[in-house]
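# Here is the input, now give the coordinates:
(2 chains)
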2 protein chains.
Amino acid sequence: MRDVAIIGVGMIPFGRRDEDTLVDMLAYASMHALDDAGLGDKGVDAVYVANMGGGILQHQTAIASALVDRLSLLPAAADTVENGPASGASAVKNGVLAVASGYYDTVLVAGGEKMREVTGWKATDFVATLTHPEVEYPYGITLPGMAGIFTRLYMEKYGLTREMLVAVAIKNQAMGALNPYAHVEMLITREGILDSPHSVVNNPAMADPLHLYDACPVSDGAAALILCPLEMAQELTKNVPILVAGFGQATDTHALQEREDPTDLKAVTLAAQQAFKRANLKPSDIDVAELHDAFTILEIAESEHVGFFKKGEGGKAVLAGKTKLGGQIPINVSGGLKARGHPVGGTGVAQLVELTWQLRHELPKERQVKNAKTGLSVNFGGFGNNVLCFILKRGGK
Amino acid sequence: MRDVAIIGVGMIPFGRRDEDTLVDMLAYASMHALDDAGLGDKGVDAVYVANMGGGILQHQTAIASALVDRLSLLPAAADTVENGPASGASAVKNGVLAVASGYYDTVLVAGGEKMREVTGWKATDFVATLTHPEVEYPYGITLPGMAGIFTRLYMEKYGLTREMLVAVAIKNQAMGALNPYAHVEMLITREGILDSPHSVVNNPAMADPLHLYDACPVSDGAAALILCPLEMAQELTKNVPILVAGFGQATDTHALQEREDPTDLKAVTLAAQQAFKRANLKPSDIDVAELHDAFTILEIAESEHVGFFKKGEGGKAVLAGKTKLGGQIPINVSGGLKARGHPVGGTGVAQLVELTWQLRHELPKERQVKNAKTGLSVNFGGFGNNVLCFILKRGGK
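Residues are numbered from 1 along each chain as shown, chains lettered A, B, ... in the order given. Purely as a prediction, here's the structure:
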């Protein structure tokens, strides 16, 4: 297996992008990534698109074929990969395997979603198409509903508090305010969303015990990256190559209710274990992490399941500032899904774009993790039924 | 790169399957493939699902996660791959790369579609979601419309006749009548669809010069196969391993109208050239072929573009019986899309299942290509804007 490196990355600001089509967004992010790699007119051998909802939201299929033509990358091979909100990492995985196999040398992976085509309950319903088609979806359970149930169980089992959840929201929105690519740039305070008489109105219950500010926004957006064999990185680009040191992917029961212990996110644990094994690293070796905080609870739960903290300690760690920039393990310095936004097919790619910037030491001081050499991402599909974990490393082996 | 072999295959009869959900169909085909390989309780490392329309037709996403759970293959990695009507071959390609890379040893690829959820113009509209979203789809062009334009140009340039098209339909429906997996088992005659006073009623114009019997049916169906490294085939299964000797994939302009010569299917030519180069074979070495005859014209055009016949000679070859069982190069002995049916996500996988049966010499005499050692498939995405070609070889190298 050849070692694979990320040699170019690109993103467009997430948010509301009414003027752009889905293919526009994917194309803009891809052009940034191609430019960043310095590939210029060299093109790529293959293209992967990560997208969950083109069929439902845009009534459009064959998006990879549309993108490769739009970018004048013909006759490059082109496929679309779908894995719910983990579509991004799944597409990157297949790009990595394509390069590792020796079949393709240069691969573009672009992930994106035009979510705001629908609003309110329709957006929630769209995301719920990933739930179990027989025992969940027809009964009206939604992702916020599942997250609410999960949070309640976590509170009962581990003594998690609303205070801890709110701390994640405040931290990530504060970082989002510093990230020009973020959808949400508004600072929030503990008083505004938890304490004051207005907090009930400012931050209404969504799925008890979760409130509005525990959830990510509904975002349009796209991100892209370029992969090549590590051994070719130097001749292709001037950028510091970022090694895909390891990745893992695991599945769990499609329906949340079928899990022996619903608070145990087995697929997160397994995906992380596989990634650490491949990378020959352990959780304490990681300098910066992008975790899938579609809901505040998920950042806490994932930080425990990948091994940064013991079970039940993740919430306390947030309160103690251990996951802040400058803390023990900075998590979602980008603002995370909570503030950068969550265009579902784009998220897994955006996480790796952020980590690449971090490991190249290219971010402004107020967002840069000092001397970061290793980064980890978790892209959480379904409600933890299909999870990918990536570990990146600065400057090759 | 490791050599990759197909060690198990499975299919369910195509047609109208109102009782089955999409995941049911994928599961049944997968169980046949797992049984055929003799993997029993060993499970697989990764699963790929090929599906084009789950979002639009079933309002369902994350189908790979649903399938892997349904088959009790947890925690295997699972992704869905979409590439229009070539989704099947694209999923197999990614499965092959995953095994070739050394990352996964055993991979299940299942492709399927539940097309008959919608009927008539709605089915045609669903397929048209793969056309160019700006310059084609909004103007109402459909796949039959494109095929009609293409056929007219082919007639003008190469002297193709309706007689030749009808010969493809008669040949493939005759073979479909012998295939228990085929959707259409009805024999048709030249008189019934071309000559008699009733032929206009029996075989009405669809998109001039194409008529009803020039098109494949709208089918439900699924097919599956198991991949592993060639070097592990012997210890895993008793079946003759079928080597994936080569494959190719190429894209062309998304919009048909943007091609310099619309009768030139560049992506078919390129995909086939890549596959032949990898396999170190030439067109005359191929013993049996499965070509993507969604319309009769496509079987003829593809037979020329992959190199079986010179441009303009494919139609004559059909009339001369060269593409029949026992002829120079038997094409679509399965009945093809025309008779077996075309559940879009399933087709590319079904073609390779058929070729595996042929190369293992397991078919009944009336459908078996004698002593077949090499097989070729073309899975045609869009209207030739994203095409894959596979070459399989009996019994390893």
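# Which single residue in the stretch 1-150 of chain A comes nearest to chain B?
A:Gly55 (3.1 Å; Cβ to the nearest Cβ). C-beta: built from backbone N, CA, C; applies to glycine.
# Would you state the strands of the stretch 101-250 of chain A in chain order?
A:107-114, A:205-207, A:210-211, A:220-229, A:242-251 (DSSP state E, counting those that start in this stretch).
# mind listing what the third one pairs with, with the direction of each?
Read that as strand A:210-211. Each strand paired with strand A:210-211, and its direction, by DSSP bridges: strand A:205-207 (antiparallel).
# Name the residues that touch the strand it pairs with?
Identification of contacts with strand A:205-207 by Cβ atoms under 8 Å, 6 or more residues apart in numbering or on different chains yields A:142, A:144-145, A:147-149, A:211-212, A:214-215.
# 10 Å instead?
Residues from elsewhere that reach strand A:205-207 (Cβ atoms under 10 Å, 6 or more residues apart in numbering or on different chains): A:141-152, A:211-215, A:295.
# Pull out the buried residues from those.
A:141-152, A:211, A:213-215, A:295 (16 or more other Cβ atoms under 10 Å in any protein chain shown).
# Show me these that map onto helices.
Assigned to helices by DSSP state H, the following of the buried ones among the contacts of strand A:205-207 qualify: A:143-152.
# interface residues of the stretch 151-300 of chain A facing chain B?
Taking Cβ under 10 Å from any Cβ of the partner chain as the contact definition, the stretch 151-300 of chain A meets chain B at A:247-255, A:258, A:266-267, A:269-271, A:274, A:278.
# Show me the residues you listed that map onto strands.
A:247-251 (DSSP state E).
# how about the helices of chain A, start to end?
Going by DSSP H, chain A shows helices at A:22-37, A:63-70, A:87-100, A:121-128, A:143-158, A:162-176, A:190, A:199-202, A:230-236, A:266-279, A:296-305, A:314-319, A:336-340, A:344-360.
# Can you confirm whether the second one lies near chain B?
I take that to be helix A:63-70. Yes - under the criterion of Cβ under 10 Å from any Cβ, chain B is reached by helix A:63-70 at A:63-70.
# can I get those in JSON lines with neighbour count and pLDDT?
Shown next, in JSON lines, are the residues of helix A:63-70 next to chain B (neighbours: other Cβ atoms under 10 Å in any protein chain shown; pLDDT from 0 to 100):
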{"residue": "A:Ile63", "neighbour count": "29", "pLDDT": "97"}
{"residue": "A:Ala64", "neighbour count": "31", "pLDDT": "98"}
{"residue": "A:Ser65", "neighbour count": "30", "pLDDT": "97"}
{"residue": "A:Ala66", "neighbour count": "30", "pLDDT": "97"}
{"residue": "A:Leu67", "neighbour count": "29", "pLDDT": "98"}
{"residue": "A:Val68", "neighbour count": "30", "pLDDT": "98"}
{"residue": "A:Asp69", "neighbour count": "23", "pLDDT": "97"}
{"residue": "A:Arg70", "neighbour count": "18", "pLDDT": "97"}
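# gap between A:Pro204 and A:Ala294?
18 Å (Cβ to Cβ, to the nearest Å).
# same deal with A:Gln274?
In terms of Cβ to Cβ, A:Gln274 sits 22 Å off from A:Ala294.
# Also A:Ala77?
Using Cβ to Cβ, we find A:Ala77 at a distance of 31 Å from A:Ala294.
# can you check A:Val378 too?
From A:Val378 to A:Ala294 the distance is 11 Å (Cβ to Cβ).
# Who has more neighbours out of the two?
Neighbours were counted for A:Val378 and for A:Ala294 using other Cβ atoms under 10 Å in any protein chain shown; A:Val378 has more, 32 against 23.
# which residues does that one contact?
A:Val378 is in contact with A:86, A:89, A:248, A:265, A:267-268, A:271-272, A:275, A:289-293, A:298-299, A:301-303, A:305-306, A:331, A:348, A:351, A:387-390, counting by Cβ under 10 Å, 6+ apart.
# What is the burial count for A:Glu290?
30.
# Stretch A:104-123 close to chain B?
Yes - when contact is scored as Cβ under 10 Å from any Cβ, part of stretch A:104-123 falls within range of chain B: A:Tyr104.
# Just the mean pLDDT for that stretch, thanks.
Mean pLDDT, stretch A:104-123: 93.
# so how far does that stretch reach from one end to the other?
Separation of the first and last residues of stretch A:104-123 by Cα to Cα, to the nearest Å is 37 Å.
# Please apply the same query to stretch A:62-76.
Length of stretch A:62-76, first residue to last, Cα to Cα: 14 Å.
# With stretch A:152-170 instead?
The first-to-last residue distance of stretch A:152-170 comes to 21 Å (Cα to Cα).
# Repeat that for stretch A:208-222.
31 Å.
# go on, stretch A:177-185?
This stretch, stretch A:177-185, spans 4 Å end to end (Cα to Cα).
# And it, what's buried?
A:177-179, A:181-184.
# Pull the most distant pair out of the residues you listed.
Farthest pair in the buried residues of stretch A:177-185 (Cβ to Cβ) is A:Leu178 and A:His183. Separation: 13.5 Å.
# Which one of the ones in helices among the buried ones among the contacts of strand A:205-207 is nearest to B:Lys373?
For those, the nearest to B:Lys373 is A:Leu143 (51.4 Å; Cβ to Cβ).
# If we ignore the residues flanking it in sequence, what's nearest the closest one?
Nearest residue to A:Leu143, sequence neighbours excluded (Cβ to Cβ, 6 or more residues apart in numbering or on different chains): A:Val127, at 5.2 Å.
# now A:Gly384
Nearest to A:Gly384 is A:Leu265, by Cβ to Cβ, 6+ apart, at 4.6 Å.
# Run a quick neighbour tally on that neighbour.
A:Leu265: 27 neighbours (other Cβ under 10 Å).
# and if you look at the one 5 residues further on?
The burial metric for A:Leu270, expressed as a neighbour count using other Cβ under 10 Å, is 20.
# any idea how far it is from A:Phe309?
According to Cβ to Cβ, A:Leu270 stands 18 Å off from A:Phe309.
# ok, now A:Glu258?
27 Å.
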